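> Sequence plus the predicted model coming up.
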Amino acid sequence: MMTEVNKDNDNVVEISGLKYRVGNKAIFDRLKISILRGKITAIMGPSGTGKTTLLRIMTGQVLPDRGRVIVDGKNVARLATDELYELRTQMGFLFQNGALFTDSTVYENVAFPLREHTHLPESLIRHIVLMKLQAVGLRGAADMMPTELSGGMARRVALARAIVLDPKIIFYDEPFTGLDPISMGVIVRLIRTLNDSLGLTSIVVSHDVEEVSAVSDHSYLISDGKVVAYGTPEELVHNKSAWVRQFMKGLADGPVPFHYPAPDYASQLLGEEPA
């Protein structure tokens, strides 16, 4: 039986006291995050701050060293393997590169989770697949192969596959990376539309400030293993923290310096300091 925690609150994910290390490097240090049910929450931060690792912890792919990770009322670290798999059927995941099966058509890619996790008849699978492809605007591409798709189209097919089991929560790992402005705008609109029309809770990991600000209800900024700021996009724009201003405005220098620590430049050029 699954380890249940109180589900009668507004948070679908609650993380508290999270500690996680890789070797001698602390990725998270007493991290605390709450994800509101039915909202779009963004997790932002510079590259290398562990944003994707945090998604892996929420989905039980990685176990924390310490702390509690509660997803839909269940303590993820205490779930048995079959309980974790059952919880994952309530989750959708849009991978950064789409992760489509290259030897299968668009239709077969979207149908795969239904065939893997359900015993639905093929006629019903067909209806569901076409409905999900219609939702992302690609019903006409059902017979195409992934190699025939543009980057934006492939991301939308992956999104159709992510929602085909009607999950409660959907995780987006850098959904805007490598997209042209038109494709990016389509994905932003789809994230908002699908979240509201399907009653989802969406968690978006990204460092694309403009796109995240356009779609998210709330955002967390993480750095050095901790939350450095939290709020609505408007609140973060007006945040007085020098670090937040640097990140949100994309400034080259600030609390995160442009130059990596090094010996005195002139002394090193003159050979007075070791290279």
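Alright, I've got the coordinates.

> can we go C-alpha only for contacts and neighbour counts from here?
Noted.

> Strands along the stretch 51-200 of the chain, start to end?
Taking DSSP state E, counting those that start in this stretch to define them, one finds strands in the stretch 51-200 of the chain at 66-71, 74-75, 91-94, 169-173.

> I'd like the ones you listed as CSV, with mean pLDDT, distance to Met145 and mean neighbour count appended.
Listed next are the strands of the stretch 51-200 of the chain as CSV, based on pLDDT from 0 to 100; distance: least, CA to CA, whole Å; neighbours: other CA atoms under 10 Å:
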stretch, mean pLDDT, distance to Met145, mean neighbour count
strand 66-71, 92, 35, 21
strand 74-75, 91, 38, 22
strand 91-94, 89, 19, 22
strand 169-173, 92, 23, 23
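
> which one of these lies closest to Tyr20?
Judged by CA to CA, the one of the strands of the stretch 51-200 of the chain that comes nearest to Tyr20 is strand 66-71, at 6.9 Å.

> Switch the strands of the stretch 51-200 of the chain over to TSV; also include distance to Gly137.
Shown next, in TSV, are the strands of the stretch 51-200 of the chain (distance: least, CA to CA, whole Å):
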stretch	distance to Gly137
strand 66-71	31
strand 74-75	35
strand 91-94	17
strand 169-173	19
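
> out of the ones you listed, which comes closest to Asp143?
strand 91-94 (21.0 Å).

> so where's the longest helix in this structure?
helix 181-198 (DSSP state H).

> got the angle for it vs strand 169-173?
170 degrees (axes from the mean of the first three to the mean of the last three CA atoms, to 10 degrees).

> which parts of helix 181-198 are buried?
Judged by neighbour count using 16 or more other CA atoms under 10 Å, the buried positions of helix 181-198 are Ser183, Met184, Ile187, Val188, Leu190, Ile191, Arg192, Thr193, Leu194, Asn195.

> Nearest to Leu114 among the residues you listed?
Nearest to Leu114, judged by CA to CA, of those is Leu194 at 19.0 Å.

> Just name the shakiest helix or strand of this protein by mean pLDDT.
The helix or strand of the chain with the poorest confidence is helix 242-249; it has a mean of 76 (mean pLDDT, DSSP states H and E).

> Contacts only, for Asn195.
For Asn195, the contacting residues are Gly38, Lys39, Ile40, Thr201, Ser202, by CA atoms under 8 Å, 6 or more residues apart in numbering.

> mind redoing it with 7 Å?
By CA atoms under 7 Å, 6 or more residues apart in numbering, Asn195 lies in contact with Thr201, Ser202.

> sorry, back to before: just the buried residues of helix 181-198 now: which is nearest Ala252?
Among the buried residues of helix 181-198, and counting by CA to CA, the member closest to Ala252 is Met184, at 24.1 Å.

> I'd like to know how far Ile57 sits from Ser34.
14 Å (CA to CA, to the nearest Å).

> Which residue is the nearest non-sequential neighbour of Thr177?
Gln96 (7.2 Å; CA to CA, 6 or more residues apart in numbering).

> Distance of the one you found relative to Ala158?
From Gln96 to Ala158 the distance is 10 Å (CA to CA).

> Likewise for Ala266?
Going from Ala266 to Ala158 by CA to CA gives 52 Å.

> For those two, work out which one has more neighbours and name it.
Ala158 (26 against 10; other CA atoms under 10 Å).

> so what's that one up against?
Leu94, Gly98, Leu100.

> again, but for Asn109
Applying CA under 7 Å, 6+ apart, the residues contacting Asn109 are Leu100, Phe101, Arg161.

> Just give me the closest of those to Leu179.
Leu100 (16.3 Å).
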